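Enquirer: model this:
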Amino acid sequence: MRLNINLASRPYEDAGRFFLTWIPVTLGLLLLAIFTTTLAWHRHQESRSVRSQLSEKQQRIAQLDKEYNDARTTLDLPQNSGTRDQSEFLNELFQLKSFSWTRVLSDLETVMPSGVQVVSIKPQINRQGQIEFTLVVATERREDAIKLARNMEGSPRFFQPSIRAEHTRKDTKDNHQVLTVDIVSQYLPDAKKGKS
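Expert: Okay, here's the model as predicted:
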């Protein structure tokens, strides 16, 4: 029997080896495609859920904003101005009452360098409705006041301390130059001491 095979026009192919090599690779790629498609579908469902929750929150915020604006409009009426002013005064008073002198002095004691004396502390409500205080200290050296401001920055209880003013005066007792420095800072009584 004579076989007529022309290897030049029809090269020899080992089909069994081809299938043994490429079927597992194809199956692996198919499984990977199924896995990534499933994962993408789950992510899509999660993002839809998050978008839905976000939409609900935004609607709630819009509703609260509307209620706030309605209440503000009612309070701004001329016949309600006395009530508005009284409520703002009382709210500010209650907020200032929450300022704990004992805690402030105790926390200042931990950051106060030697050679610096507290002259006065004046708490007030800032434009954002938060309690901040002006700390006036006296020292003979400007570096000590700067060190106090830096120590306050390193403490979690004092937020954004900054030196606002400096004044030099003569001490009447021993005729030395005394520097008074005004430091303004917000006070966060509930901040954890371990944080910095």
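Enquirer: did I read that right, L135 in a strand?
Expert: Yes - counting by DSSP: H, G, I helix; E, B strand; the rest coil, L135 is located in a strand.
Enquirer: Contact partners for it?
Expert: By CB atoms under 8 Å, 6 or more residues apart in numbering, L135 lies in contact with L108, V118, S120, I121, D182, I183, V184, S185. Yep, even glycine has a C-beta here, placed from its N, CA and C like the rest.
Enquirer: Selection in ChimeraX covering whichever of those are buried, please.
Expert: Buried residues among the contacts of L135 (16 or more other CB atoms under 10 Å), as a ChimeraX selection:
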select :108,121,182,183,184,185
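Enquirer: so L188 touches S155, yeah?
Expert: No - if you go by CB atoms under 8 Å, L188 and S155 don't touch, sitting 9.3 Å apart.
Enquirer: Take the contacts of L135 and lay them out in TSV including secondary structure, distance to N175 and pLDDT.
Expert: Putting the contacts of L135 into TSV (DSSP: H, G, I helix; E, B strand; the rest coil; distance: CB to CB, whole Å; pLDDT from 0 to 100) gives the following:
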residue	secondary structure	distance to N175	pLDDT
L108	helix	29	87
V118	strand	23	89
S120	strand	23	89
I121	strand	28	88
D182	strand	24	92
I183	strand	26	92
V184	strand	30	91
S185	strand	32	89
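Enquirer: so where is the chain shaky, pLDDT-wise?
Expert: Along the chain, segments meeting pLDDT under 70 span 1-15, 96, 98, 171-173, 191-196.
Enquirer: Pull the distance from the helix or strand encompassing T38 to the chain's centre.
Expert: Assigning secondary structure by DSSP states H and E places T38 in helix 15-75. Mean C-alpha position of helix 15-75 versus that of the full chain (CA atoms, centre = their mean, to the nearest Å) differs by 27 Å.
Enquirer: tell me what it is packed against?
Expert: For helix 15-75, the packing partners by 3 or more CB pairs under 8 Å, 6 or more residues apart in numbering; DSSP states H and E come out as helix 81-97.
Enquirer: Output the contacting helices and strands for the helix it packs on.
Expert: Helix 81-97 packs on helix 15-75, strand 116-125, going by 3+ CB pairs under 8 Å, 6+ apart.
Enquirer: which one of the contacts of L135 is nearest T74?
Expert: Of all the contacts of L135, T74 sits closest to V184, with 35.1 Å by CB to CB.
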